[in-house]
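Student: what shape does this take:
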Amino acid sequence: MHACLRIIRDEHASLTSVLRALLAHLESSRHDGTPPDFALLRTMVFYLDEFPEKRHHAKESGLLFPKLRARTPLSRELIDRLDDDHALGERRIRDLEHALLAFEVLGDARRAAFTREADRYAGFYFEHMSLEERQVLPLAEKVLTPRDWSDLDDAFLANRDPFGARGPEALYEALYERIAAAMPGL
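Tutor: Have a look, this model is predicted:
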């Protein structure tokens with residue numbers, strides 16, 4: 001498998017895990033009739049904001065999508081939609097952050113609103129990743145050239161943390177591990 005495809009799928013898996021953990025934590029606290037762990041929720045929402053915006057989307061929109069646009073007109077409408085999703089995701093994460101803050105500050109009266117916003121955000125993101133994995137990645141495998149793959153693999157690998165624990169990838173991995181430690185089974 002090409003490195004860029006593996007990296008995209010691995011990052012999707014991490015994002016999916018955090019989204020599912022967020023929803024599970026909300027459901028568990030609702031079921032138990034207890035407040036959620038707001039520090040954990042803030043950590044999850046921060047991860048969902050930071051990681052896609054600073055690492056994941058830049059690789060897709062800046063590296064993979066232009067190659068697809070150049071190789072086939074079949075991808076243009078879909079790629080435009082996914083790029084729009086990347087831009088819309090910024091607004092949606094702000095809505096989620098605001099709903100979380102309101103829930104934390106105003107209490108249980110805002111639980112349902114935050115839960116709805118979390119469900120909405122997760123649904124949006126699950127659909128987005130599904131489109132990429134079901135349509136974009138298979139299309140890329142069909143139309144990109146060996147040179148395209150070489151360029152993409154080199155660029156995606158260069159975008160990884162070259163400095164071990166000092167680089168940005170390690171920070172996100174540590175953040176993910178913190179979430180996973182708080183959510184057994186993640």
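
Student: make it CA atoms for all contacts and neighbour counts henceforth
Tutor: Will do.

Student: burial measure for E132, as a count.
Tutor: A count of nearby residues for E132, using other Cα atoms under 10 Å, gives 20.

Student: dihedrals phi and psi, the closest residue to it other than its chain neighbours?
Tutor: The spatial neighbour of E132 that comes closest, neighbours along the chain excluded (Cα to Cα, 6 or more residues apart in numbering), is L82 at 7.9 Å. Main-chain torsions, L82, degrees, to the nearest 10: phi -70, psi -40.

Student: L82: neighbour count?
Tutor: The burial count for L82: 21, using other Cα under 10 Å.

Student: surely it is in contact with S130?
Tutor: No: taking contacts as Cα atoms under 8 Å, L82 lies outside contact range of S130: 10.9 Å.

Student: farthest residue from the center of the protein?
Tutor: No residue in the chain sits farther from the centre than G33, which is 29.1 Å out by Cα atoms, centre = their mean.

Student: measure it to V143 for me?
Tutor: The gap separating G33 from V143 is 52 Å, by Cα to Cα, to the nearest Å.

Student: and if you look at A122?
Tutor: From A122 over to V143 (counting by Cα to Cα), the distance is 30 Å.
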